[in-house]
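Novice: Please find the sequence and the predicted model below.
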Amino acid sequence: MGVANHYLVQTPVFFDMPAMQQPEAYLGHAASLFDDVDTLVEGSGKTFLESFVAASTAWVALRASKGAGERTFGILR
């Protein structure tokens, strides 16, 4: 998993694109987090995913508030 994550992060870093560093989400045994109708079950897994989605949403809102035109990527200079 670590190698795959490293390769996924390399592209935005190369292009000097903003990338959310934390929190990271690694889900082991993800199938156990869902019931028979694919609904997320109550518990620590649901709490973790809710906090991860909230952090991701806040990061996207922060980036959006800065405006797309305010950053020139290194490759375009």
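Specialist: Received, thanks.
Novice: tell me the contacts of the spatially most central residue of the chain?
Specialist: The structure's the chain has its C-alpha centroid closest to residue 56; by CA atoms, centre = their mean the separation is 5.8 Å. By CB atoms under 8 Å, 6 or more residues apart in numbering, the contact set of residue 56 is residue 20. (C-beta placed from N, C-alpha, C; glycine too.)
Novice: what about the helices in the chain?
Specialist: Secondary structure of the chain (DSSP state H): helices at 2-14, 44-66.
Novice: what's the most buried one of these?
Specialist: Stretch with highest mean neighbour count among the helices of the chain: helix 44-66 (a mean of 12; mean count of other CB atoms under 10 Å).
Novice: Which among the helices of the chain is found nearest to residue 25?
Specialist: Nearest of the helices of the chain to residue 25, taken as CB to CB: helix 44-66 at 4.9 Å.
Novice: Off-centre distance for that closest one?
Specialist: Between the centre of helix 44-66 and the centre of its chain there are 8 Å (CA atoms, centre = their mean, to the nearest Å).
Novice: Adding distance to residue 32 as columns, could you present the helices of the chain in JSON lines?
Specialist: As requested, the helices of the chain are arranged in JSON lines below (distance: least, CB to CB, whole Å):
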{"stretch": "helix 2-14", "distance to residue 32": "22"}
{"stretch": "helix 44-66", "distance to residue 32": "8"}
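Novice: And those, which one averages the lowest pLDDT?
Specialist: Ranked by mean pLDDT, these end with helix 2-14 at the bottom, a mean of 78.
Novice: May I have it as CSV, with CA atoms only?
Specialist: Extracted in CSV, the C-alpha atoms of helix 2-14 (Å, rounded to 0.1, in the frame of the first residue of the first chain):
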residue,chain,number,x,y,z
GLY,A,2,2.8,2.4,0.8
VAL,A,3,4.4,2.2,-2.7
ALA,A,4,1.0,2.8,-4.4
ASN,A,5,0.4,5.8,-2.2
HIS,A,6,3.8,7.2,-3.0
TYR,A,7,3.2,6.9,-6.8
LEU,A,8,-0.2,8.6,-6.4
VAL,A,9,1.4,11.5,-4.6
GLN,A,10,4.3,12.0,-7.0
THR,A,11,2.3,13.5,-9.8
PRO,A,12,0.7,16.4,-8.0
VAL,A,13,4.0,17.1,-6.2
PHE,A,14,5.9,17.2,-9.5
